[in-house]
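Asks: got a sequence here, can you model it:
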Amino acid sequence: MIQIPLPGGMSALVDDADAPAVRRHKWCVRRSRTGETYYVQRNVRLDNGRRTTQQLHQFIMGATGVDHINGDGLDNRRSNLRVANQSQNAANTGPRAGRYKGVTQRQNGRWRAQIRINWHQMQIGTYDTAEDAARAYDRRAFEAWGEFAYLNFPNEVKRAA
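Replies: Numbers count the residues shown, from 1 in each chain. Modelled structure (predicted):
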């Protein structure tokens, strides 16, 4: 494992075998749209003269649909990267608000578990505690996406599966 220095004092992790190819380019850091994750990218000039960007994880894997297993966009070791479609990649994102993914509190104080699959919002159920709702979300997410599912309690669901 090699650390590639980046602007702003950050660094990216890559495998030893990928380091020579990665070091041939100038890389920078970009924040995700939610601002919770950082990704490494470089500017590229296309044959037609136009400019675009290329993500380090796509450069390493040679594919456009790539997922960071641990959710860390700076960890670009092959053991942390996998080819994924857009739905699988979205399934592996953490909660956008609140403590648990797929859980919101209702006005009556109870907790609702819900999940979005194939662009359809589905209600899983209503529970007395946020933890019970999160566990219900985890079971349904694991059924839908398996290893790609972001789980609130990963050790519990994977043991039970």
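
Asks: all contacts plus neighbour counts: C-alpha atoms, from now on.
Replies: Fine.

Asks: SS state for the closest residue to V103 other than its chain neighbours?
Replies: Residue nearest to V103 in three dimensions, not counting chain neighbours: A113, with 4.7 Å by Cα to Cα, 6 or more residues apart in numbering. Of the three states, A113 takes strand under DSSP: H, G, I helix; E, B strand; the rest coil.

Asks: mind listing what A113 touches?
Replies: Applying Cα atoms under 8 Å, 6 or more residues apart in numbering to A113 gives the contacts G102, V103, T104, Q123, I124, G125, T126, Y127, A133, A134, A136, Y137.

Asks: which of those residues fall within helices?
Replies: Those of the contacts of A113 mapping onto helices are A133, A134, A136, Y137, per DSSP state H.

Asks: export those to CSV and tack on distance to M61, pLDDT and neighbour count?
Replies: CSV is the format used below for the ones in helices among the contacts of A113 (distance: Cα to Cα, whole Å; pLDDT from 0 to 100; neighbours: other Cα atoms under 10 Å):
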residue, distance to M61, pLDDT, neighbour count
A133, 36, 96, 25
A134, 33, 95, 24
A136, 34, 96, 22
Y137, 31, 95, 27
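
Asks: distance to T93 added to the residues you listed, as JSON lines?
Replies: Shown next, in JSON lines, are the ones in helices among the contacts of A113 (distance: Cα to Cα, whole Å):
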{"residue": "A133", "distance to T93": "18"}
{"residue": "A134", "distance to T93": "15"}
{"residue": "A136", "distance to T93": "17"}
{"residue": "Y137", "distance to T93": "14"}
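
Asks: and of the residues you listed, the nearest to D47?
Replies: Y137 (46.4 Å; Cα to Cα).

Asks: surely that closest one touches I124?
Replies: Yes - counting by Cα atoms under 8 Å, Y137 touches I124, with 7.0 Å between them.
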